[in-house]
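Trainee: Predicted coordinates and the sequence they were generated for:
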Amino acid sequence: MKKIIFVALCVILVFGKDLYIKPEKANIRTAPNGKKIGTLNHGTHIKILKTQGKWAKVSLDGWIKKNLITNNLKQDSKKHHKSKLELVKFDISVFPKDIEDGRFSDVVYLTLYVKNNTSKRIKAWRAHTIVKNSFGDVLLKLTLTDGSANIAPGATEAAPFGWENNPFISDEPYDKLTSYSKENLKVFFDKVKIVQ
């Protein structure tokens, strides 16, 4: 009898609640693991009609994974809040020594493409930047500063940072960045400060 009451309470709690989509986007499907028929945005109000394993049939006549649903939109919104300055992508370029070009040693450039997610122009920024390899090992922790940025609201700008090779110093940024291919590196911001 206790088990029946517990199951009934669970059904009432899950199926009777106002629920919302947690991530920025969630696919809605014809059935569990079925064909994608649309996308729901973060905060979309839904109700669960039925569950099957990891899947929930929602009031919008489709199926999505249950872990993409929340009952606490305010708490989950904090997790999905975009940074004021977003690292969109990065490139690495290596230039060999060229005395005619003014390079007296090999140089590596880490170019960060950053997006202004605010409504005002960003004039300068500083970011604690972490570079990891594909195993998640931290290769570098750098504080990078662009004091002459001029990023319009919603725009993405390139910010190149360069390091010369010092053959007498090992494990410097040049060595770390040239030890791995771009595909085996992950670069992300930990702390960001901006000036508008």
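Mentor: Here it is on my side, so go on. Numbering: from 1, shown residues only.

Trainee: ok, which stretches of the protein are helices?
Mentor: 2-15, 73-79, 173-178 (DSSP state H).

Trainee: Name all residues that make contact with the spatially closest residue to K47 that is not a sequence neighbour.
Mentor: With sequence-adjacent residues excluded and distances taken as C-beta to C-beta, 6 or more residues apart in numbering, K47 is closest to S59, at 4.1 Å. Every residue, glycine included, has its C-beta placed from N, CA and C. Residues near S59 by C-beta atoms under 8 Å, 6 or more residues apart in numbering: 46-49.

Trainee: roughly how far apart are K186 and Y180?
Mentor: K186 sits 10 Å away from Y180, taking C-beta to C-beta, to the nearest Å as the criterion.

Trainee: So these two - more neighbours on which side?
Mentor: Taking other C-beta atoms under 10 Å, K186 and Y180 do not tie; Y180 has more neighbours (15 against 12).

Trainee: shaky segments in this structure?
Mentor: 1-18, 60-62, 72-82 (pLDDT under 70).

Trainee: Verify the stated contact: K57 with K66.
Mentor: No: in this structure, K57 is not within contact of K66 by C-beta atoms under 8 Å, at 10.2 Å.

Trainee: Give me the common contacts of the two.
Mentor: Taking C-beta under 8 Å, 6+ apart as the contact rule, K57 and K66 both touch T51.

Trainee: okay, these two: which has more neighbours?
Mentor: With neighbours defined as other C-beta under 10 Å, K57 and K66 compare such that K57 has more, 19 against 16.

Trainee: show me the contacts for the more buried one.
Mentor: 48-51, 63.

Trainee: what would those residues look like in JSON lines with distance to I37 and neighbour count?
Mentor: Below are the contacts of K57 laid out as JSON lines (distance: C-beta to C-beta, whole Å; neighbours: other C-beta atoms under 10 Å):
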{"residue": "I48", "distance to I37": "18", "neighbour count": "18"}
{"residue": "L49", "distance to I37": "16", "neighbour count": "13"}
{"residue": "K50", "distance to I37": "17", "neighbour count": "10"}
{"residue": "T51", "distance to I37": "19", "neighbour count": "15"}
{"residue": "W63", "distance to I37": "9", "neighbour count": "23"}
